[in-house]
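K.L.:
the amino acid sequence is not available; the structure is as follows:
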């Protein structure tokens, strides 16, 4: 697999994981919902930044169902049409808690602190380097 294709695959996995997390969050917060309702809620909460087609949401719902993080059953929608309603399972709630914790840990990282650590580490390594700057440039 080429580097470009590998990067695209990684992006796809990240997007899928993020969408799955959003779907779990919607079901946890609002209770049973049909796919269309889940997609509209994610769009609403994102202030229309995310535009989801039904195929994308249903792929996520299928993936979550296969992992047993959600369950489904048929019911009647608000306009009396047959619709499949999805609900979060006990294992889905556990996964949501785990993913939320990971997300908060990553999102809560103070980037300025990391930058300062990198700068500090670079300054220390320059001070402890036994070779001169001219030796470094000669090495390419």
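P.N.:
Cool, the structure landed. If you're wondering where the values come from, they're calculated on a predicted model, not measured in any experiment.
K.L.:
list the helices and strands the helix or strand hosting residue 43 packs on?
P.N.:
Secondary structure assignment for residue 43, by DSSP states H and E: helix 35-45. Applying 3 or more CB pairs under 8 Å, 6 or more residues apart in numbering; DSSP states H and E, one finds that helix 35-45 contacts helix 3-30, helix 54-66, strand 82-88. C-beta here means a position set from N, CA and C on the backbone, and glycine is covered the same way.
K.L.:
wait, which of the ones you listed is closest to residue 116?
P.N.:
Each of these was scored for nearness to residue 116 using CB to CB, and the closest is helix 3-30 (26.9 Å).
K.L.:
tell me which of the helices and strands packed on helix 35-45 lies nearest to residue 100.
P.N.:
If you check each of the helices and strands packed on helix 35-45 against residue 100 by CB to CB, helix 3-30 wins as the nearest, at 7.5 Å.
K.L.:
one step back: in the helix holding residue 43, what counts as buried?
P.N.:
Neighbour counts using 16 or more other CB atoms under 10 Å place 35, 37-39, 41-42 of helix 35-45 among the buried residues.
K.L.:
tell me the one of these nearest residue 95?
P.N.:
Residue 95 lies nearest to residue 38 out of these, by CB to CB, at 16.5 Å.
K.L.:
just the pLDDT for the residue lying closest to the closest one once chain neighbours are set aside.
P.N.:
For residue 38, ignoring the flanking residues on the chain, the nearest one in space by CB to CB, 6 or more residues apart in numbering is residue 26 at 5.2 Å. Per-residue confidence for residue 26 comes out at a pLDDT of 95.
K.L.:
residues in contact with residue 26?
P.N.:
Contacts for residue 26 were tallied using CB atoms under 8 Å, 6 or more residues apart in numbering; they are 33, 38, 41-42.
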